[in-house]
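S.K.: sequence unknown, structure follows:
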């Protein structure tokens, strides 16, 4: 590892370097702005993210690379998640302009913090060393705490931040302890070397290995909000600024899945090569069964508690827990199909969940309510909002003809495809699908069927909001149809870096 | 100099004490101190393993990074706690329970 | 041809778009005629396809076109259109009935507050139904299947203001989803084993023995077809939901809350037939055990629903249970291997049952207007006890009722005779020849003809009970009777067309013998046989032979039972030689005496369900307005119903089970909710307990 090697590796980090430049520029630019004009930082951030997105597309990931002594990887898999994260960021920033909670305050830091959060996620999805995993996870977490508590004078926002920081701090602390045990067991922090050591040394006590794994999984589980590490989710989601809630429910969750999947499929498999079509777990650590259990419990808890919710943000929070459970189904199959199903699901989920949150935010702004039963007749008062919500709810439920349906289909297909080991999980998943039908359609019931009358004057949403929603809806409704570009894309994105 | 077991025992004790602190103390600052205990338990592990098992510098490097990160995390957490004090006049996390169910 | 089929598929969608998006511009200007025009165009196109098909006059006529829908790595799904004799005939039926319903509705729905929405939803329904018919693979059928479910949901709930209508639509949707879960799992199994969902691909895959190798033999042990049996039964579950078969039939009677033309289109002729259509498509891959299951479910439904229809007083409820029963016939026919008969009955039934529903709509329409005229808003316009003697007031409706009832009862010269007779002969033949399948191995195969003939006699009875109560005798409410008059032309003309199509010669041409079994229909539709490699006694030729043998005795017997049923109805309801009330009380004893099964039901109700519902009442304290209303249906309401008769037992047991699961999830959610205390340290402790539990469970 010499200087010229470092310089050479930097060449693969164009998006990250651009992002760093953007962060610095945003901080400096914000110094020249007043409270009223601080919104311009947001415009700058969106423009910058667009450039980052462009540079991501320009990357050639045919030949994957391990950078900086294999601290991070440069591969198609990471690039896919970076693109999802960037898109989600742009959408959320766009929506933030219209979030009334953020009006009339200095807003520059908000966008700066989001950019740093994105920076952390970029490294998280490509991290291949326990140290870089931990560091990037912490960057993401710390920025999330700040953003959750961004409304300083708002007690609820404050409360959500303090809960987040306590839960997050403890979880990552436990994870670090787990990492230290793995370090002691294998003598390395590099995930490939850890794998080699574990595979070569089958004598390690299963209990000890399981202990280390469970402790590490606490950190991942907290990031993807899997039961029993989900407790912070509803409270933080309800209290945080709504746009941040939307962001937290998609981007860090997708990043968490990215790193979890890479870690599991590389480190805890016999071959250590996640590019294999089918994988086998280490003989002395049966993590697929563990995660199958976590998946079943997560989706069940998320769904049944969501049934009871009256607040739309809280309902969506629990629904996002349930979706984490669905996505875990793709992890346990240990098959190429499972990986691509997760990639697909992550993309679709990002769109549909953001969409649902955006509509909820808009309704909060325009009609000043977050309670689902107050949505009565909204479908007629504001037709555009109603149709959009219907599409998102259908997609979240997984009904055709939406992208949510196809995404779920891939997950189930992957699960059933590996034989009868996890048929029970598929059945649990299907039953959960029916349960979720109740609470998603409940929203539509209030919007359309509770009270049926056409008002004389329709509520019209502002143009830029409508454009935003249409941008999200179109891929959900049509993106999966003829040719299904997203699935060809995900199929090509399942290439991991292996030394 | 000594055996690895004594270091590991120390770190395990610290870890449990940290968990005990975060789950019982009501004072937000005390909880943050508990988090520090957990992190330092891990740090001791890293250094012990570095010295006795791997004979490399990796563990030391991790420790330095963790110390730095812990400082950053503490700074952010204390800012949030301070803000809570400004808003409510106390730092008792038990009373921050308006968001539930 | 493919273009024509695509037009048939997509034109109704255009109608939907116009009605929904240009509502403002067309609502006040007879905008419904746009939809009618579009629908008539598709009818013309369907006729064209039909003519082409008849031109070929070939049982193996088929045109198939495929495009890749989406692919993921090595896996791809295709979307395509299949035109064969079955789909062409189905298309024609759907287009015809849909057109007639469109026209009929101009009068029936006149002045409705959501008139153009109604036409829009008819359009999207027709679109999805055509999608089911034209699909060439199981995945596509599943997608349109869900769309049909959705549009039916919208149409049943057309009058949302009525709570019962909103309840019914919800119930239909959710009950159907239960069946769909099974169907989806079946799809998954087939996809996993064979890697394709295309009909032909699946058939050839199984025929070439692909199933017997690899994962196809999972769960099977020695029998390589166990998984295939399950795949067949699971796929059939979709049909159980959609075609309202026992035990998922509960939604169909409730669905009568929708407008009557909708009942005629969806809940008599087309959507409920989709389940039968699916069974037709999976017919070749059914194993003997799966077929026995299909036949048994169909037989039970046919008989069970018929017994309920006897006691109903709501004119549409009688027809609803009758529909369930007739659908059971079709399913039973397919299960017994009488493929042609099952599909034939689907077509004939579509005609006469749509006719019956539209005719009942005509009566209800007249009743509504009469009640409106005398300013009576409390009387139930659908209750037959308020009718009587309408023969003189509504001669056309009466005539049509007579024709359609004769047809459904299986009287010669009418279409129902031909198809029903074939089904009964098929069940007879199955019972006498079947060696494979659990029904035969348990020596229960004769239960099928028993169900069949039993249901036939009851059908004849309750149909004529309906006619005598409605059209004969003295009117029970002279004040209403005074104001009754025949419905307008737009309603009676479609009725006449449907009645005419209940005559035999439309189906027996070129033969004009009313007893003929060799018309164009039985020429173009051919039993495809099975593709499963049994290598044993299950033999189609054997069955065909027995079918031929059974034909004559079955025909004579079915004539006798039909006459019996009609005669008995005449005695009780027309000549009043036997008092219906005393008969009911005597039969009640007979029922209890002969069928101990009903004691079992009482036991379920009083011993299990009622206490459980009481317990649930306590849980329901923290109510959610919506669930109380829509999911759970009100435990109190059900409890009240308990002691009031036969049909209600059905409501309670099956609904109870549905409600039961609803409660469980509610309760689970409610109790889990309390873990979320709002105190961060409780969360930490719960999470730590979780970590320890996960560790202990997995490490040791």
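M.R.: Cool, the structure landed. All figures in this text were calculated on a predicted structure; none of them were measured in a lab.

S.K.: what residues does the stretch 151-300 of chain A have near chain C?
M.R.: By CB under 8 Å from any CB of the partner chain, the residues of the stretch 151-300 of chain A that approach chain C are A:162-163, A:166-167, A:170-171, A:174, A:206-207, A:210-211, A:214-215, A:218, A:227-229, A:231-232, A:234-235, A:286, A:289-290, A:293-294, A:300. For the C-beta atoms, the positions are set from N, CA and C on the backbone; glycine is no exception.

S.K.: which of those are buried?
M.R.: A:162-163, A:166-167, A:170-171, A:174, A:206, A:210-211, A:214-215, A:218, A:227-229, A:231-232, A:234-235, A:286, A:290, A:293-294, A:300 (16 or more other CB atoms under 10 Å in any protein chain shown).

S.K.: return only those of the residues you listed found close to chain B.
M.R.: Residues of these in contact with chain B (CB under 8 Å from any CB): A:162, A:163, A:166, A:170, A:174, A:234, A:235.

S.K.: so where's the stretch 151-300 of chain C uncertain?
M.R.: Along the stretch 151-300 of chain C, the model assigns pLDDT under 70 to residues C:213-224.

S.K.: SS state for residue C:67?
M.R.: strand (DSSP: H, G, I helix; E, B strand; the rest coil).

S.K.: in space, what's closest to it - neighbours in sequence excluded?
M.R.: residue C:79 (5.8 Å; CB to CB, 6 or more residues apart in numbering or on different chains).

S.K.: you'd agree the one you found is in a helix?
M.R.: No - Residue C:79 sits outside any helix when classified using three-state DSSP, being strand.

S.K.: show me the contacts for whatever residue of the stretch 401-550 of chain C ends up closest to chain B.
M.R.: Nearest residue of the stretch 401-550 of chain C to chain B: residue C:438, at 49.7 Å (CB to the nearest CB). Each residue near residue C:438 by CB atoms under 8 Å, 6 or more residues apart in numbering or on different chains is listed here: C:289, C:292, C:293.

S.K.: ranges for the helices of the stretch 1-150 of chain C?
M.R.: According to DSSP state H, counting those that start in this stretch, the stretch 1-150 of chain C carries its helices in the segments C:2-21, C:23-26, C:32-56, C:85-108, C:115-134, C:138-156.

S.K.: and these: which comes nearest chain A?
M.R.: With CB to the nearest CB as the criterion, chain A lies closest to helix C:138-156 of the helices of the stretch 1-150 of chain C, at 4.5 Å.

S.K.: roughly how far is that closest one from the heart of the chain?
M.R.: In terms of CA atoms, centre = their mean, to the nearest Å, the centre of helix C:138-156 is found 14 Å from the chain centre.

S.K.: over to stretch C:42-61?
M.R.: On CA atoms, centre = their mean, the centre of stretch C:42-61 falls 26 Å from that of its chain.

S.K.: give the buried residues for it.
M.R.: Buried residues in stretch C:42-61, counted by 16+ other CB under 10 Å: C:42, C:43, C:45, C:46, C:49, C:50, C:53, C:61.

S.K.: can I get those in CSV including distance to chain A?
M.R.: As requested, the buried residues of stretch C:42-61 are exported to CSV (distance: CB to the nearest CB, whole Å):
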residue, distance to chain A
C:42, 21
C:43, 26
C:45, 24
C:46, 24
C:49, 25
C:50, 29
C:53, 29
C:61, 28
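
S.K.: could the residues you listed be laid out in JSON lines, adding pLDDT and distance to residue C:551?
M.R.: Written out in JSON lines, the entries for these read as follows (pLDDT from 0 to 100; distance: CB to CB, whole Å):
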{"residue": "C:42", "pLDDT": "90", "distance to residue C:551": "37"}
{"residue": "C:43", "pLDDT": "90", "distance to residue C:551": "35"}
{"residue": "C:45", "pLDDT": "89", "distance to residue C:551": "37"}
{"residue": "C:46", "pLDDT": "89", "distance to residue C:551": "32"}
{"residue": "C:49", "pLDDT": "86", "distance to residue C:551": "32"}
{"residue": "C:50", "pLDDT": "86", "distance to residue C:551": "28"}
{"residue": "C:53", "pLDDT": "84", "distance to residue C:551": "27"}
{"residue": "C:61", "pLDDT": "82", "distance to residue C:551": "27"}
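
S.K.: and of those residues, the nearest to chain B?
M.R.: For those, the residue nearest chain B by CB to the nearest CB is residue C:42; the value is 53.0 Å.

S.K.: show me what contacts that closest one?
M.R.: So residue C:42 contacts C:7, C:8, C:11, C:12, C:95, C:98, C:99, C:126, C:130 (CB under 8 Å, 6+ apart).

S.K.: close enough to count as contact, residue A:257 and residue A:326?
M.R.: No - here residue A:257 does not reach residue A:326: they are 11.1 Å apart, not a contact under CB atoms under 8 Å.

S.K.: tell me the pLDDT of the nearest residue to residue A:290 once chain neighbours are set aside.
M.R.: Take residue A:290 and drop its neighbours on the chain: the residue closest to it by CB to CB, 6+ apart is residue C:698, 4.7 Å away. If you check residue C:698, the pLDDT there is 73.

S.K.: so which other helices or strands are in contact with the helix or strand where residue C:698 lies?
M.R.: Remark: residue C:698 resides in helix C:680-699, with elements defined by DSSP states H and E. Based on contacts counted as 3 or more CB pairs under 8 Å, 6 or more residues apart in numbering or on different chains; DSSP states H and E, the elements that helix C:680-699 packs against are helix A:155-186, helix A:206-224, helix A:287-306, helix B:4-24.

S.K.: tell me the angle it makes with helix A:206-224.
M.R.: Between helix C:680-699 and helix A:206-224, the angle comes out at 140 degrees (axes from the mean of the first three to the mean of the last three CA atoms, to 10 degrees).

S.K.: now helix C:680-699: how far from the chain's centre is it?
M.R.: So, by CA atoms, centre = their mean, the centroid of helix C:680-699 is 50 Å from its chain's centroid.

S.K.: what's the distance between the residue nearest the centre of chain B and chain A?
M.R.: With distances taken as CA atoms, centre = their mean, residue B:36 lies nearest the centre of chain B, 2.1 Å away. In this structure, residue B:36 and chain A are separated by 9 Å, where distance is defined by CB to the nearest CB, to the nearest Å.

S.K.: ok, now residue C:192?
M.R.: From residue C:192 to chain A the distance is 5 Å (CB to the nearest CB).

S.K.: for that residue, what is the enclosing helix or strand?
M.R.: In the assignment (DSSP H and E), residue C:192 maps to helix C:163-194.

S.K.: other SSEs contacting that helix?
M.R.: Here helix C:163-194 touches helix A:403-417, helix A:423-444, helix C:138-156, helix C:199-207, helix C:226-242, helix C:251-254, helix C:656-673, going by 3+ CB pairs under 8 Å, 6+ apart.

S.K.: need the next SSE after the second one, C-terminal direction.
M.R.: Of the helices and strands lying after helix A:423-444 in sequence (DSSP H and E), the nearest is helix A:463-478.

S.K.: any chance you could list what contacts that following helix?
M.R.: Here helix A:463-478 makes contact (CB under 8 Å, 6+ apart) with A:91, A:94-95, A:97-98, A:348, A:351-352, A:354-355, A:358-359, A:362, A:384, A:388, A:391-392, A:395, A:401-404, A:461, A:486.

S.K.: overlap between those residues and the residues near chain C?
M.R.: Among the contacts of helix A:463-478, proximity to chain C is found for residue A:401 (CB under 8 Å from any CB).

S.K.: ok so, going back, who wins for neighbours among the contacts of residue C:42?
M.R.: Within the contacts of residue C:42, residue C:126 tops the neighbour count with 33 neighbours, counted by other CB atoms under 10 Å in any protein chain shown.

S.K.: end to end on stretch A:395-414, go ahead and measure it.
M.R.: 19 Å (CA to CA, to the nearest Å).
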